[in-house]
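>>> Structure, please.
(2 chains)
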Amino acid sequence: MILLWGLRADAPINMVRLELEKAGADVFFLDHRKIFQCDIEYTFRQETGMTCVLKVDGTTLDLNLIKVAYIRPYSFMDYPEMDGKTMDDPMIIKASGFELQLMAWINASDALVINRADPSATNNSKPYQLSLIEKAGFKVPETFISNDPGQVADFLTRARRAVYKSISSVRSIVHEVTSEHLQFIDDVQWCPTLFQKVVDGINYRVHVIGNQVFAVKINSDRLDYRYGHTTMVSVELPREILKKCLALNNILGLHFSGIDLMRTADDEWYCFEVNASPGYSYFEQNSGAPISAALAKFMMTADHEANHA
Amino acid sequence: MILILSNIANEAAAHLVDRFPPGAASLITASSFNRSFKGGLNVNDFASSHIKIHGAVVPISEINGLVTTISSFIPEEFYYIEPADRKYVCAEMNAFFTYFLSQLDCKKINQPTVRSFSGPNLNKIEWIKIACAANVPIWPVNIANSINTSKDVFDRSKIKVYPCSVIGDQIIGKKLPGPLKDYLFDLQSIFDVPFLTCHFVSNQPGKYFLAELSTRPDITPVANREAIVNYFS
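Numbers count the residues shown, from 1 in each chain, chains lettered A, B, ... in the order given. Below you'll find the model as predicted:
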């Protein structure tokens, strides 16, 4: 059985759900919006081992039946019924307890998980992830993280042109550092910030699913293409780059990833970061790359193999 | 220089610093980062990075030990940041230190992971699976929505609890009964941490079960602090 955990309104979950249903897959869709009605119970006995059941809407699911899981959790604190609630509210305690326990079970299970917590967490520290990206053979931009205004000023002088962004996975719009920003350089003492030497070139987004690769070439009028007028087209990657993408997915321990690359005029390929829970729908809708169908097929194959092992 | 990373409220961290020779160890907490800790980390050449602790430059190569008693910082520790910005600053600090600690080439208690500044920090459901596979007997457990709902299946008055810790190849404290020493070393090896604390329980002679496990060093007992200082000496 395949577990999908996320929001109905979330395009990446919804697109793969439709593909799975079309193909007649055995799917259990756990709607994150119903988190306040969910319960999970775990038991361990030396004689019988471990069991875990999930209850929602009068349905009880034995989680040992789950052979594949695709998870895109959401912050329930953003739901309207959380307005004005404090962290000691029983609803919050129960929902966070449910989430924590379901994630723990999924991490501990033998299922194929897209993606497990630890591989996904490399994205929570961009410099940490960059150190792994280098191991896959990609070039990474010159990167400096600091809360020391003096050292930041030195880096910016050396780099000539640099961007700044968050060190963590908290979403931030990438901006080039300008003379106006330099007036506020002392502010880094309150919060370390990531600075990166500008690499000029063409953006590519690569989605890796198992050993399948979907690449799109991106043209945009903005440095951060997510916020500009952007067009994209499916392309074939050079063989060497394709191999590096597969190696990177493997090194990070991911089954599905979104890799951000840039190709320079000198035909050098840089990797900026890897998203372990890619919002692939944006790229599929704009390029026509059949990512959701491939993802569904990947999950169904794994489910079939697990059931016949 | 031994770096000790802890939370503001952990008084034992300051006591641990005092157990090292003067100037040999430094305590880092989230308190007043802007004054006590400055770092400039070169991601493409980490060894050339510079940090300052309490105003003094500390070359990365001179950091020869790390003791971390926390999994991560929490927003409330950044009391000197505007409340609306604390969560973001905390996330950035955690991302900074995840990288910084992972790149240090020195003895670590315990080595950081993407999940924690100190060891794998597994949920009980996760470590039970691993310990069970290593043939370590596990005490019965029931958990519902992350709350322990275990009922006493045995007479409490007949249960003995054995807390025990290991650091490197040394068991801290008194001699352990039965197979506990072997269990402890096996688990230390499986979880790949120099410092491990376990609680075993026994309800009948010769029968021992693992009830709790932590890969985050507990520096509260004096014996643990002594053992840590010895580990680095």
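
>>> quick one: least confident helix or strand in chain B?
helix B:33-36 (a mean of 78; mean pLDDT, DSSP states H and E).

>>> is chain A contacted by that one?
Yes - judged by C-beta under 8 Å from any C-beta of the partner chain, helix B:33-36 comes into contact with chain A through B:33-34. Bear in mind the C-beta positions are built from the backbone N, C-alpha and C, glycine included.

>>> Which of the residues in that helix are classified as buried?
By neighbour count on 16 or more other C-beta atoms under 10 Å in any protein chain shown, the buried set for helix B:33-36 is B:33, B:36.

>>> Just checking, which helix or strand succeeds it along the chain?
strand B:37-42 (DSSP states H and E).

>>> Check the average confidence over that following strand, would you?
For strand B:37-42, mean pLDDT is 93.

>>> mind checking how far it is from the chain centre?
Strand B:37-42 sits 23 Å away from the centroid of its parent chain (C-alpha atoms, centre = their mean, to the nearest Å).

>>> Can you tell me what sits against the least confident helix or strand of chain B?
Residues outside helix B:33-36 that contact it (C-beta atoms under 8 Å, 6 or more residues apart in numbering or on different chains) are A:147, A:189-190, B:28-29, B:53-54, B:78, B:80, B:93.

>>> One more pass at 10 Å, please.
A:147-148, A:186, A:188-192, B:26-30, B:39, B:52-55, B:73, B:77-78, B:80-81, B:89, B:93, B:96 (C-beta atoms under 10 Å, 6 or more residues apart in numbering or on different chains).

>>> Got the domain ranges for chain A?
Per automatic domain parsing, the structural domains of chain A span A:2-115+A:303-307, A:121-137+A:200-276, A:143-197.

>>> A helix includes A:Phe36, no?
Yes - judged by DSSP: H, G, I helix; E, B strand; the rest coil, A:Phe36 forms part of a helix.

>>> Low-confidence ranges, chain B, go.
Residue ranges of chain B with pLDDT under 70: B:152-156.

>>> And the strands in it, which stretches?
Counting by DSSP state E, chain B has strands at residues B:2-5, B:25-28, B:37-42, B:50-53, B:56-59, B:65-68, B:107-109, B:141-144, B:147-148, B:160-167, B:170-172, B:195-204, B:207-214.

>>> Put the buried members of the contacts of helix B:33-36 into a ChimeraX selection.
In ChimeraX, this line selects whichever of these come out buried by 16+ other C-beta under 10 Å:
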select /A:147,148,188,189,190,191,192 /B:26,27,28,29,30,39,52,53,73,77,78,81,89,93,96
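
>>> For the chain, give the helix that spans the most residues.
With no chain named, the answer covers chain A. Using DSSP state H to define each element, chain A has its longest helix at helix A:90-108.

>>> could you do chain B instead?
helix B:86-103.

>>> what's the next secondary structure element after the longest helix of chain A?
Following helix A:90-108 in sequence, per DSSP H and E, is strand A:112-114.

>>> And the contacts of the helix or strand just after that following strand?
Using DSSP H and E, the helix or strand that directly follows strand A:112-114 along the chain is helix A:117-121. Identification of contacts with helix A:117-121 by C-beta under 10 Å, 6+ apart yields A:71, A:103-104, A:106-107, A:113-115, A:128-129, A:132, A:169, A:249, A:251-255, A:257, A:274-277, B:98, B:113-116, B:120, B:122-123, B:126.

>>> ditto for stretch B:81-88
A:166, A:168, A:170, A:172, A:190-191, B:30, B:33-34, B:74-80, B:89-90, B:92-93.

>>> Report the distance from that stretch to the chain centre.
Distance, centroid of stretch B:81-88 to centroid of chain: 26 Å (C-alpha atoms, centre = their mean).

>>> That stretch: end-to-end distance?
Using C-alpha to C-alpha, to the nearest Å, one end of stretch B:81-88 lies 10 Å from the other.

>>> Leaving out chain neighbours, which residue sits closest to A:Val113?
Leaving aside its sequence neighbours, A:Val113 sits nearest to A:Ala69 (C-beta to C-beta, 6 or more residues apart in numbering or on different chains; 4.8 Å).

>>> Do you have the strands of the stretch 101-250 of chain A handy? List them.
Counting by DSSP state E, counting those that start in this stretch, the stretch 101-250 of chain A has strands at residues A:112-114, A:143-146, A:162-165, A:175-176, A:193-197, A:202-209, A:212-220, A:230-235.

>>> could you check the angle strand B:37-42 makes with the longest helix of chain B?
Comparing the axes of helix B:86-103 and strand B:37-42 via axes from the mean of the first three to the mean of the last three C-alpha atoms, to 10 degrees yields an angle of 60 degrees.

>>> picking up where we left off before, which of the strands of the stretch 101-250 of chain A is buried the deepest?
strand A:143-146 (a mean of 26; mean count of other C-beta atoms under 10 Å in any protein chain shown).

>>> For A:Glu273, give me its contacts.
A:122-123, A:126, A:129-130, A:133, A:140, A:165, A:169, A:258-261 are the contacts of A:Glu273 under C-beta under 10 Å, 6+ apart.

>>> Closest one to A:Asp89 out of these, please.
Nearest to A:Asp89 among those: A:Ser169, at 26.1 Å, using C-beta to C-beta.

>>> The closest one: neighbour count?
Look at A:Ser169: counted by other C-beta atoms under 10 Å in any protein chain shown, it has 20 neighbours.

>>> And for the one 3 residues further on?
The local packing of A:Ser172 (other C-beta under 10 Å) involves 16 other residues.

>>> for the longest helix of chain B, which positions count as buried?
B:86, B:88-103.

>>> Repeat that for stretch A:264-282.
Applying 16+ other C-beta under 10 Å to stretch A:264-282 flags A:269-278, A:280-282 as buried.

>>> residues contacting the residue nearest to B:Pro120 when sequence neighbours are not counted?
Spatially, and ignoring its direct neighbours in sequence, B:Pro120 is nearest to B:Thr113 (5.3 Å; C-beta to C-beta, 6+ apart). The contact partners of B:Thr113, taken as C-beta under 10 Å, 6+ apart, are A:118, A:121, B:71, B:98, B:101-102, B:119-122, B:192-193, B:215.

>>> Per the annotation, how does chain B divide into domains?
Chain B is divided into the following domains under automatic domain parsing: B:2-109, B:124-215.

>>> Low-confidence regions, the stretch 1-150 of chain A specifically.
Judged by pLDDT under 70, no stretch of the stretch 1-150 of chain A qualifies at all.

>>> how far away is B:Val141 from B:Lys124?
In this view, B:Val141 and B:Lys124 are 7 Å apart by C-beta to C-beta, to the nearest Å.

>>> quick one: common contacting residues for these two?
Listed as contacting both B:Val141 and B:Lys124 by C-beta under 10 Å, 6+ apart are A:42, A:44, B:148, B:211.

>>> Tell me the one among those residues nearest to B:Ala13.
Using C-beta to C-beta, those come closest to B:Ala13 at B:Ala211, 26.7 Å.

>>> if we can go back for a sec, so the residue nearest to A:Val113 is in which element?
Here A:Ala69 is assigned to strand A:68-71, by DSSP H and E.

>>> measure the residue nearest to B:Pro120 to A:Val140 for me?
Distance, B:Thr113 to A:Val140, by C-beta to C-beta: 21 Å.

>>> can you check A:Asp110 too?
Distance from A:Asp110 to A:Val140, counting by C-beta to C-beta: 34 Å.

>>> Who has more neighbours out of the two?
Comparing A:Asp110 with A:Val140 by other C-beta under 10 Å, the one with more neighbours is A:Val140, at 21 against 11.
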